[in-house]
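Trainee: here is my input, please return the structure:
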Amino acid sequence: MTTTTPTTAPAADARMLGLAHYAARGVLEHVLGRHGVTFLQQIALRAAVTADTPPTPDELVARIRASVKGDPADARAALDTLRAKALLVADGPHLLPTDAGRDLLATVAAEAAPLSARVWSDIPADDLAAAGRVLALVTERADRELAALERATEK
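Mentor: Next comes the predicted model:
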């Protein structure tokens, strides 16, 4: 039996996007698991670290939801866990990353970097630029559809 390699790539669609997302996320979750942190906790911690001004819990929940479109209760649980692990600390109405939280993100980034480099290596810059444009458009459209669905649910 002879197998041949297709000469054209399959068209991108929602399934292919999902498969790529979960494959890359699986790599990151493997790294995060070694440090006892979940994907959502990492998203929450990164939101706190990258905030322009010290965020409140509600602001962090909004940023987390903007990233992963999840349940606000799950975002709040992630924040509570990060506080319990002393990766975030309350400062009045704000939640601030601790040195341990910043160090954790740096460590995860350093461990994930060579894995990510291998995943993305040798992809031509033009292909990455085209994929970036398509993914930005898909994100914009999906965000718009989700907002419409949420408005319809509120009525």
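Trainee: domain parsing of this structure, as residue ranges.
Mentor: Domain assignment of the chain by automatic domain parsing yields the ranges 26-122, 123-155.
Trainee: in contact with the residue nearest to the spatial centre of the chain, which residues?
Mentor: Note on the chain: the residue nearest the mean C-alpha position is Ile43, at 5.6 Å, using CA atoms, centre = their mean. Listed by CB atoms under 8 Å, 6 or more residues apart in numbering, the contact set of Ile43 reads Ile64, Ser67, Val68, Ala78. C-beta: built from backbone N, CA, C; applies to glycine.
Trainee: would you list the residues you listed in a markdown table and tack on distance to Ala11 and neighbour count?
Mentor: Output for the contacts of Ile43, formatted as a markdown table (distance: CB to CB, whole Å; neighbours: other CB atoms under 10 Å):
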| residue | distance to Ala11 | neighbour count |
| --- | --- | --- |
| Ile64 | 32 | 24 |
| Ser67 | 27 | 14 |
| Val68 | 26 | 15 |
| Ala78 | 35 | 26 |
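Trainee: and these, which is closest to Ser116?
Mentor: Using CB to CB, the shortest approach to Ser116 within the contacts of Ile43 belongs to Ser67, at 17.7 Å.
Trainee: pretty sure that closest one sits against Ala47.
Mentor: Yes: the pair Ser67 / Ala47 is scored as a contact, 7.2 Å apart, by CB atoms under 8 Å.
Trainee: before we move on, back to that, pick the most buried one from the domains of the chain.
Mentor: Using mean count of other CB atoms under 10 Å, the stretch among those with the largest mean neighbour count is domain 26-122, at a mean of 16.
Trainee: picking up where we left off before, which of the helices or strands spans the residue nearest to the centre of the chain?
Mentor: Per DSSP states H and E, Ile43 falls inside helix 39-50.
Trainee: got the angle between whatever helix or strand comes next after that helix and helix 39-50?
Mentor: Next in sequence after helix 39-50, counting helices and strands by DSSP H and E, comes helix 57-68. If you take axes from the mean of the first three to the mean of the last three CA atoms, to 10 degrees, helix 57-68 sits at 120 degrees to helix 39-50.
Trainee: quick one: average confidence on helix 57-68?
Mentor: For helix 57-68, mean pLDDT rounds to 95.
Trainee: who does it touch, helix- and strand-wise?
Mentor: helix 39-50, helix 72-84 (3 or more CB pairs under 8 Å, 6 or more residues apart in numbering; DSSP states H and E).
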